[in-house]
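> could you work out the structure for the sequence below:
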Amino acid sequence: MKPKKSASTGGLVYSTQHGRICPGCRMPVANCQCRRTASAPDARGAIVRVGRETKGRKGKGVTVVTGVPLAAGALDELASKLKRVCGSGGTVKDGVIEIQGDHRDVLVAELAKLGWTVKRSGG
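Next up, the predicted model:
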């Protein structure tokens, strides 16, 4: 299988050997260098998106937070803080924070208070 290429930059976006590739540093997402250096919120003008999904969860809704440019440890810390604010469980999967239940309004307000640029995604 050939690697997929991005139409806009012509760069590699997925490799069967390494998985997802970071568009910033062109490294596998697990070894991304730009996420490690982006310790401050909104360090590279990233927009954090907050949405709701039910797909693959037998109708149970979860709130998903995507686009947070943090390393794995910092992302786990942020997820823990957001779970405490919502009073709910959740997890981090592939760089995406999932919080059980519909907490979009609470999460948008909390992330904005922490200094991130936040947008609601979906309906």
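
> domain map for the chain?
Partitioning the chain according to automatic domain parsing yields domains covering residues 4-37, 47-120.

> can you name the next helix or strand after the strand ranked longest in the chain?
The strand that spans the most residues within the chain, counting by DSSP state E, is strand 47-53. Read in the C-terminal direction, the helix or strand following strand 47-53 is strand 62-66, with elements assigned using DSSP states H and E.

> show the average pLDDT along whatever helix or strand comes next after that next one.
Of the helices and strands lying after strand 62-66 in sequence (DSSP H and E), the nearest is helix 72-86. Over the span of helix 72-86, the pLDDT mean works out to 93.

> list the buried residues of helix 72-86.
Neighbour counts over helix 72-86 (16 or more other C-beta atoms under 10 Å) mark Leu75, Leu78, Ala79, Leu82, Lys83, Val85, Cys86 as buried. Glycine gets a C-beta too; all of them are placed from N, C-alpha and C.

> quick one: contacts for the second one?
By C-beta atoms under 8 Å, 6 or more residues apart in numbering, the contact set of Leu78 is Val68, Leu70, Ile97.

> what of the fifth one?
The contact partners of Lys83, by C-beta under 8 Å, 6+ apart, come to Gly89, Gly90, Ile99.

> next one: the third one
The neighbours of Ala79, taking C-beta under 8 Å, 6+ apart as the test, are Gly90, Thr91, Val92, Ile97, Ile99.

> redo that, cut-off 10 Å
With contacts taken as C-beta atoms under 10 Å, 6 or more residues apart in numbering, Ala79 has the following neighbours: Val65, Val68, Leu70, Gly90, Thr91, Val92, Val96, Ile97, Glu98, Ile99.

> of those, buried ones?
In the contacts of Ala79, burial by neighbour count holds for Val65, Val68, Leu70, Gly90, Val92, Val96, Ile97, Glu98, Ile99, counting by 16+ other C-beta under 10 Å.

> any idea how far the fourth one is from Val96?
In this view, Gly90 and Val96 are 10 Å apart by C-beta to C-beta, to the nearest Å.

> likewise for Ile21?
Following C-beta to C-beta, the distance that separates Ile21 from Val96 is 17 Å.
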